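Asks: Here is my input; please provide its structure:
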Amino acid sequence: MKTYLIDTDVFIDFFKKRNQAVQLIEHLSTLGDFFVSVITVAELRSGWTGKEGVIYLPKLYDIAQVIPVTKEIAESAGEYRQRYAQQGKRLPTIDLLIAATAILRSCSLVTRNIKHYPMPELDLYREIY
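Replies: Below is the predicted model:
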């Protein structure tokens, strides 16, 4: 069974009930298991009001298993940051942590924000709205 790491942008659209995101999540749920980085949890929570957090966080936890940032993930993200900085590319640390999580956990990353994920070894889910 396939595993998917869902990025923040897709969950934002999903919780705003944007049809394409809802349909994508429903479709992917028939194909595999969902995961979310603890980084995405923090990003989502920072954008929700207290009431929204009370409503949406339990739904998020029902949909996806949360993956913590381990020392291996942190080290890998740091290596990516260094590698891409040497090429003149400044990538957000948050996205590097999410990429490292997907790579080390062998998940397909589901995101619309592909420009922040140039790693050739990263399995990007490209059939997105």
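
Asks: can you pull the buried residues of the lowest-mean-pLDDT helix or strand in the chain?
Replies: Taking mean pLDDT, DSSP states H and E as the measure, the chain has helix 50-63 as its least confident helix or strand, at a mean of 92. For helix 50-63, the neighbour count (16 or more other CB atoms under 10 Å) marks 56, 60, 63 as buried. For the C-beta atoms, the positions are set from N, CA and C on the backbone; glycine is no exception.

Asks: and if you look at stretch 17-26?
Replies: For stretch 17-26, burial by neighbour count (16+ other CB under 10 Å) applies to 21, 24-25.

Asks: and of the buried residues of helix 50-63, the nearest to residue 69?
Replies: residue 60 (17.1 Å; CB to CB).

Asks: how distant is the least confident helix or strand of the chain from the center of its chain?
Replies: 17 Å (CA atoms, centre = their mean, to the nearest Å).

Asks: Can I get that helix in CSV, CA atoms only?
Replies: Output of helix 50-63 as CSV, limited to C-alpha atoms (Å, rounded to 0.1, in the frame of the first residue of the first chain):
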residue,chain,number,x,y,z
GLY,A,50,-8.9,28.9,18.7
LYS,A,51,-12.3,27.6,17.6
GLU,A,52,-11.0,26.3,14.2
GLY,A,53,-8.2,24.5,16.0
VAL,A,54,-10.7,22.7,18.3
ILE,A,55,-12.7,21.6,15.3
TYR,A,56,-10.0,20.9,12.7
LEU,A,57,-7.2,19.3,14.8
PRO,A,58,-9.2,16.2,15.7
LYS,A,59,-10.2,15.8,12.1
LEU,A,60,-6.6,16.1,11.0
TYR,A,61,-5.6,13.4,13.5
ASP,A,62,-8.4,11.2,12.2
ILE,A,63,-7.2,11.6,8.6
